[in-house]
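[1] Here is a sequence together with a model predicted from it:
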Amino acid sequence: MVVTGWLGGAAGGLALSRADPHVVAQAVGSGWGHELLGAHFRPAARVGEGQALAGGGATAMIDVSDGLTLDLWRLCRESGVGAAVRLADVPVHPALFELAGV
């Protein structure tokens, strides 16, 4: 399994967009809030990464916008395989740690 970017940024942006306006202003001013809001309101498709993975032999791909666990379960079910995830290896968006401290 390969993940091509940080996870949780869009969900963090959604949570931040629903926060008190003063919190949003402070977060955006610090930079990390701008990153999370961008991930939510302007998600970027990773087409180039997908093409590179396909060229390297990947046989199945899915975006994980519904969450890693749900989308991984779907991918495994359709592929007839299982998976094990090491939580320490999951690339969590670093700005989520800032959001958690608000």
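    Good, I have the coordinates. Residues are numbered from 1 along each chain as shown.

[2] Contacts for the top helix by length along the chain, please.
    In the chain, assigned by DSSP state H, the helix with the most residues is helix 68-79. With contacts defined as Cβ atoms under 8 Å, 6 or more residues apart in numbering, helix 68-79 is touched by 1, 3, 7, 59-60, 62-65, 82-83, 85, 90. All C-beta spots, glycine's among them, are computed from the backbone N, C-alpha and C.

[3] quick one, helices of the protein?
    9-17, 21-30, 32-41, 47-55, 68-79, 95-100.

[4] Take those and write them to CSV, including mean neighbour count and mean pLDDT.
    Listed next are these as CSV, based on neighbours: other Cβ atoms under 10 Å; pLDDT from 0 to 100:
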stretch, mean neighbour count, mean pLDDT
helix 9-17, 20, 96
helix 21-30, 13, 93
helix 32-41, 19, 96
helix 47-55, 11, 96
helix 68-79, 13, 94
helix 95-100, 17, 94
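
[5] ok so, going back, between the contacts of helix 68-79, identify the one with the most neighbours.
    Highest neighbour count within the contacts of helix 68-79: Val64, with 18 neighbours (other Cβ atoms under 10 Å).

[6] Tell me the spacing between it and Val24.
    Using Cβ to Cβ, to the nearest Å, Val64 is found at 25 Å from Val24.

[7] With Gly80 instead?
    Where Val24 is concerned, Gly80 sits at a distance of 44 Å (Cβ to Cβ).

[8] if we can go back for a sec, tell me which of the contacts of helix 68-79 is nearest to Arg46?
    Within the contacts of helix 68-79, proximity to Arg46 (Cβ to Cβ) peaks at Asp63, which comes in at 8.1 Å.
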